[in-house]
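J.: generate coordinates for the sequence data below:
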Amino acid sequence: MTFVLTSPAFTEGQIMPQAQVYNGMGQSGGNLSPALSWKGAPEGTKSFVVTVYDPDAPTGSGWWHWVVANIPSDVTSLPEGAGSGKGGLPPAAAQVRTDFGVPGYGGAAPPPGKPHRYIFRVDALDIPVIDVSEQTSAAAVGFYVHHHTLGHATLTALYGGE
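T.: Numbers count the residues shown, from 1 in each chain. Coordinates of the predicted model:
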């Protein structure tokens, strides 16, 4: 079975709904993390990490919009708003600092110009827990992910271009 990530909010390559757009930085969205579900994780998966990354942000290094680590291997979905303080994250899960400077979901907020890609990704890890706190950077989580990923699935939404 193929490892697949889906959302009822959008499909691959669609425009991100206003509910998932940031509320600030010139945007007036709902700033709700979308509902996500995944299936077909590789055998031996002990935990998951969910991230949202904008490689098109004009920073030289992209922009991390959401990082959630330590999602238990028996969890295969997150409800809308789970990363926005609306509940639904597993108790063991840990949201870490994004490029907005705080943990939790931060929606799309591109400057005017071309549409940006928002890459939602779930990684299946071969370890049950990574040592993170709310102040851990996305890059530090990426280090663990790089060394412990059994596989990953992505879903990309577009936003911007005004």
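J.: check what pLDDT the closest residue to Thr6 other than its chain neighbours gets.
T.: Counting by C-beta to C-beta, 6 or more residues apart in numbering, Thr6 lies nearest to Ser37, which is 5.6 Å off, once chain neighbours are set aside. Where you see a C-beta, it was placed from the backbone N, CA and C, and this is true even at glycine. Among the per-residue scores, Ser37 holds a pLDDT of 98.
J.: tell me the helices and strands packed up against the host helix or strand of Ser37.
T.: Following DSSP states H and E, one finds Ser37 within strand 36-39. On a contact count with 3 or more C-beta pairs under 8 Å, 6 or more residues apart in numbering; DSSP states H and E, strand 36-39 meets strand 4-6, strand 77-78, strand 115-125.
J.: and it, how far out from the chain middle?
T.: Distance of strand 36-39 from the chain centroid (C-alpha atoms, centre = their mean, to the nearest Å) equals 12 Å.
J.: please name the strands paired to it in the sheet, noting orientation.
T.: Strand 36-39 has its sheet partners listed here by DSSP bridges as strand 4-6 (antiparallel), strand 77-78 (antiparallel).
J.: out of the helices and strands packed on strand 36-39, nearest to Val52?
T.: Ranking the helices and strands packed on strand 36-39 by proximity to Val52 (C-beta to C-beta) places strand 115-125 first, at 5.3 Å.
J.: after that closest one, which helix or strand is next?
T.: helix 138-148.
J.: buried residues, that following helix. List them.
T.: For helix 138-148, the neighbour count (16 or more other C-beta atoms under 10 Å) marks Ala138, Ala140, Val141, Gly142, Tyr144, Val145, His148 as buried.
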